[in-house]
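Engineer: Would you be able to build a 3D model of this:
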Amino acid sequence: MDNTPTVSSAEDKLDFKKILPVFVIVLIDLLGLTIIIPLMPLYAVSFGAGEFTIGLLGAAYPVMQFIGAPLLGRLSDRFGRKPVLILSQLGTFTGFIILGLAGSLPLLFIARIIDGLSGANISTAQAVITDNTNEKTRTQGLGLIGAAFGLGFIIGPIIAFVSLALGGNNYHVPAFVAAGFSALSILLTWFWLPESLPAEKRAELAARRQGQAAGALSIRGMINALGRPGIGILLVLMAAQQIAFGGFEQFLSLFTLNRLGMNARDNSGLFVFVGIIVVAVQGYFVGRWSRRLGERRLIYLGLAALAASLILTSLTPRQPVAWYSQSRLAQELSGGGMRAHENPTTQSIAIPLPPDTHTGWLGLAWLVVAVIPAGIGGGILQPAINSLLTKRSEPDEVGGILGLSASFLSGANAVAPLIMGGLFQVFGSTAPFLAGGILLAVLFVLSLQFIKPGREEVLSAGLARG
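Structural biologist: Presented below is the predicted three-dimensional model:
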């Protein structure tokens, strides 16, 4: 009787010694990505790309990831997490090198395609976390992956700002810096990360799944997963919420460029602010909230917060920031792609820039408040959905289910920029955010109806009564 509370307490605590290597590796790896994210739309603008073309560029990476992630997820179940993680990191490194050498828009597409095909970094890292956690600590463990992403959004944009300042607003420089961080993540994985799925466990999983692996990788396997009670609705929700939130991520820089006249430096600061919120949520609050509310209620909270944030963002007043200069911003965009002009004009830039009259602080202040619930909701949703997926899956299929989750996420990321880019081009910069907010509000109502309590809540209630 005396030992029971001690055992229970130990099981409730995350073993940070096992999680620390993958956390650091993912953070270093994500620094490369988060250096690029705020700059990529403006990088494309510097080569003369318009809204829908930028949407196509945004879709290139997730389309390739949609193809590669489920396969690499299964390969990690068969051959181990470490070699698959290294393989995906090598692809990321190659993509950043090509990005740094790019002298035209087609090379930007090639860089993102290569990176996307090998883009199993996060799903494989999630599988490592799952190998080293139990049902009570899994949400917190997966939340730390999100915290690494949030830290990346703090440190990465700062590095982007510094590299742009030192490189004279040359967008090639941050790409090479990102490649350097990617190379460091490869070395850390090789020398520091222990294999979390040893050969005997891989053989056991293979024996259980004999004859089923091929089907799991097929379209039929995806359809079967969608038809499973408790699994299918979560996969649909993962995709649907990302269509809205993916559009927010992809087009926030273009939105602020068009509506507030914010350049790469300004957008880096905005991403830092959102990243601080995500770190706080995923690194601290999500573990407490998951134990108190459970993943199901966390999903409700995340959907409501994101819906409110996107709608508020769409209502941002069009008042350029106080330090805005149209000619100076046109010069930066013209030089960012190594296409400097002696007398750059806004006619050479496909995205309309606001006039530099009536500058002020109202638009920026409104946007800063509007993105706060986005940081909260974005910090909650993916770890909560993935944790609930692992709890409603069989132990021998966790890697595959997380691979499917990453695949649906990538599919949504592929669709989102096409839809949102079209909305942006046809209806203006506010349309993608308003449409995304309405979609999330509808999803919130539907989730109340269709995401029912599962076995994990029954078990939790039984333990509480015991």
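Engineer: quick one: contacts of stretch 370-381?
Structural biologist: Stretch 370-381 is contacted from outside by 143, 146, 150, 241, 245, 248, 270, 273-278, 280-282, 285-286, 289, 298-299, 301-310, 312-313, 315-316, using C-beta atoms under 8 Å, 6 or more residues apart in numbering. No exception for glycine: its C-beta is placed from N, CA and C like everyone else's.
Engineer: same check, this time on stretch 151-163
Structural biologist: 27, 30-39, 173-174, 177, 264-265, 267-269, 271-272, 274-276, 278-279, 283.
Engineer: Could I have the buried ones of those residues as ChimeraX selection syntax?
Structural biologist: Command for ChimeraX that selects the buried part of the contacts of stretch 151-163, burial taken from 16 or more other C-beta atoms under 10 Å:
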select :27,30,31,32,33,34,35,36,37,38,39,173,174,177,264,267,268,271,272,274,275,278,279,283
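Engineer: Turn the buried ones among the contacts of stretch 370-381 into a named PyMOL selection, would you?
Structural biologist: Buried residues among the contacts of stretch 370-381 (16+ other C-beta under 10 Å), as a PyMOL selection:
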select buried, resi 143+146+150+241+245+248+270+273+274+275+277+278+280+281+282+286+289+298+299+301+302+303+304+305+306+307+308+309+310+312+313+316
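Engineer: Give me the subset of the contacts of stretch 370-381 that lies in helices.
Structural biologist: Using DSSP state H, the members of those that fall in helices are 143, 146, 150, 241, 245, 248, 270, 273-278, 280, 286, 289, 298-299, 301-310, 312-313.
Engineer: Please point out which parts of stretch 97-115 sit buried.
Structural biologist: For stretch 97-115, using 16+ other C-beta under 10 Å, the buried residues are 97-100, 102, 105, 108-109, 111-112, 114-115.
Engineer: Ok, stretch 18-26 next?
Structural biologist: Applying 16+ other C-beta under 10 Å to stretch 18-26 flags 18-19, 21-23, 25-26 as buried.
Engineer: so where is the stretch 251-400 of the chain shaky, pLDDT-wise?
Structural biologist: Low-confidence segments of the stretch 251-400 of the chain, defined by pLDDT under 70: 335-348, 396.
Engineer: same thing with the stretch 101-250 of the chain?
Structural biologist: Looking at the stretch 101-250 of the chain by pLDDT under 70, you get 119-121, 146, 150, 199-221.
Engineer: Tell me which helix or strand comes right after the strand or helix carrying Met420.
Structural biologist: Met420 is part of helix 398-427, with elements assigned from DSSP states H and E. Downstream of helix 398-427, the next assigned helix or strand under DSSP H and E is helix 431-450.
Engineer: quick one, what contacts the closest residue to Asn169 other than its chain neighbours?
Structural biologist: Distances taken as C-beta to C-beta, 6 or more residues apart in numbering place Glu332 nearest to Asn169, at 5.0 Å, with adjacent residues excluded. Shown in contact with Glu332 (C-beta under 8 Å, 6+ apart): 169, 263-264.
Engineer: Tell me the spacing between the closest residue to Ala240 other than its chain neighbours and Gly377.
Structural biologist: Leaving aside its chain neighbours, Ala240 sits nearest to Leu443 (5.6 Å; criterion: C-beta to C-beta, 6+ apart). Distance, Leu443 to Gly377, using C-beta to C-beta, to the nearest Å: 11 Å.
Engineer: okay, these two: which has more neighbours?
Structural biologist: Between Leu443 and Gly377, counted using other C-beta atoms under 10 Å, the more crowded position is Gly377 (26 against 22).
Engineer: For Ser185, see how far away that one is.
Structural biologist: 28 Å.
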